[in-house]
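J.: What would the 3D arrangement of this be:
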Amino acid sequence: MTRHVAGRRIAALVGGLAIALGTAGCFGSTSGGSTDNPDAEVTITFWHGWSAPSEVKAIDATITAFEAANPNIHVKSVSAITDDKINQALRAGGPNAPDVVSSFTTDNVGQFCSSHAFVDLEPFLDKAGIDPATTFTAPQLEYTQFEGNQCALPLLADAYGLYYNKKAFEEAGISGPPKTLSELEADAVKLTKRSGDGFSRLGFMPDYHFYESTITHFAAQWSPTYFASDGSSNVAADPGIKAAIEWQRGLVDKLGGYAALEKFRTTLGDEWGAKNAFQTGQVAMTIDGEWRAGMIKDAAPDLDFGVAPFPVPDDLADQ
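T.: Numbering: from 1, shown residues only. Got it, this is the predicted structure:
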């Protein structure tokens, strides 16, 4: 899609559900564009965040297919790259910066669109004969652009839910997954097994440092409004975000406090590895994406688990 020009590199971002292309030099600089020779021999460096063997294999297979269709373009792939490293590389620029990058968040789309760290993709789309409006859904295009600058494109969309250990539920006498957050709290306490001053199993880990247990995922259950009509931040004033933080803090306290949870968290395996705490039975319930089912099949095929919608605030139970 893009080419080297005079030693300068063109980079790309996948923002959570999106992918983007842009310059990897200093902000505001540009090099190359849609008028470059598409048949020139070139090697590009692609950074992405996937690290699980099955996912890396799928990415590599896609790259192989791309290279077969575009034999003049050679792709050097680097896996397990975090958003922090991507941000640092794009700021620093230089010969070691990536040409194409993949990110798991859309939080940085506005930043890099407005600074021109990523190029506007419209000329590339026009040249390729791709109509974004008929290719992607309107919401996907909205969160991969900033003030009309389509500097990113959608790559994937995730579905989150509650994964629960059926054997642990049966042992605790719980008939089914919780539907409300108060039920989740009660089940989390009931499923927790203590060992000395720590845990041998935790019912649910609300610590923001743990895997997918983030404020953005939790707060979504209250349908918050992040921005006011004038574009200013509404985070401090939104009652849903306040309720989400209060709920999370309350569950932290009910499960033994932050220090105890954080100490236990540091003993747990990597989210993307075989030692994932839900897969090993160290955490009985977790919020996670659709990818977890495949990872369980690969790393913990004997785990008896179920998936349900993530619980909602009690006053929204009818939804």
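J.: Show me where the stretch 51-200 of the chain has its helices.
T.: Assigned by DSSP state H, counting those that start in this stretch, the helices in the stretch 51-200 of the chain fall at 53-69, 83-92, 109-114, 122-128, 132-135, 138-142, 166-171, 181-191.
J.: can you tell which of those helices is closest to residue 151?
T.: Each of those has some distance to residue 151 by C-beta to C-beta; the shortest is helix 109-114, at 4.1 Å. Just so you know, the C-beta spots here come from the backbone N, C-alpha and C atoms, and that holds for glycine as well.
J.: just the CA coordinates of that closest one, formatted as PDB?
T.: Extracted C-alpha coordinates of helix 109-114, given in PDB (Å, rounded to 0.1, in the frame of the first residue of the first chain):
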ATOM      1  CA  VAL A 109      -5.900   8.100  16.500                       C
ATOM      2  CA  GLY A 110      -6.700  11.700  17.200                       C
ATOM      3  CA  GLN A 111      -3.200  12.400  18.400                       C
ATOM      4  CA  PHE A 112      -1.500  11.000  15.400                       C
ATOM      5  CA  CYS A 113      -4.000  12.200  12.800                       C
ATOM      6  CA  SER A 114      -3.800  15.800  14.000                       C
END
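J.: Run through the neighbouring helices and strands of that helix.
T.: Helix 109-114 sits against strand 18-20, with contacts defined as 3 or more C-beta pairs under 8 Å, 6 or more residues apart in numbering; DSSP states H and E.
J.: And the strands in this protein, which stretches?
T.: 10-11, 18-20, 22-23, 42-47, 73-78, 100-101, 152-154, 160-165, 193-195, 198-204, 283-289, 305-308 (DSSP state E).
J.: ok, the fifth one: who's next to it in the sheet?
T.: So that's strand 73-78. Partners of strand 73-78 in the sheet, by DSSP bridges, are strand 42-47 (parallel).
J.: buried sites along stretch 207-216?
T.: 207, 210, 211, 212, 213 (16 or more other C-beta atoms under 10 Å).
J.: Now the two most distant members of those residues.
T.: 207 and 212 (11.4 Å).
J.: Tell me the spacing between residue 161 and residue 212.
T.: Distance of residue 161 to residue 212, computed by C-beta to C-beta, to the nearest Å: 10 Å.
J.: Now list whatever residues contact both of those two.
T.: The contact sets of residue 161 and residue 212 overlap at 287, 288 (C-beta atoms under 8 Å, 6 or more residues apart in numbering).
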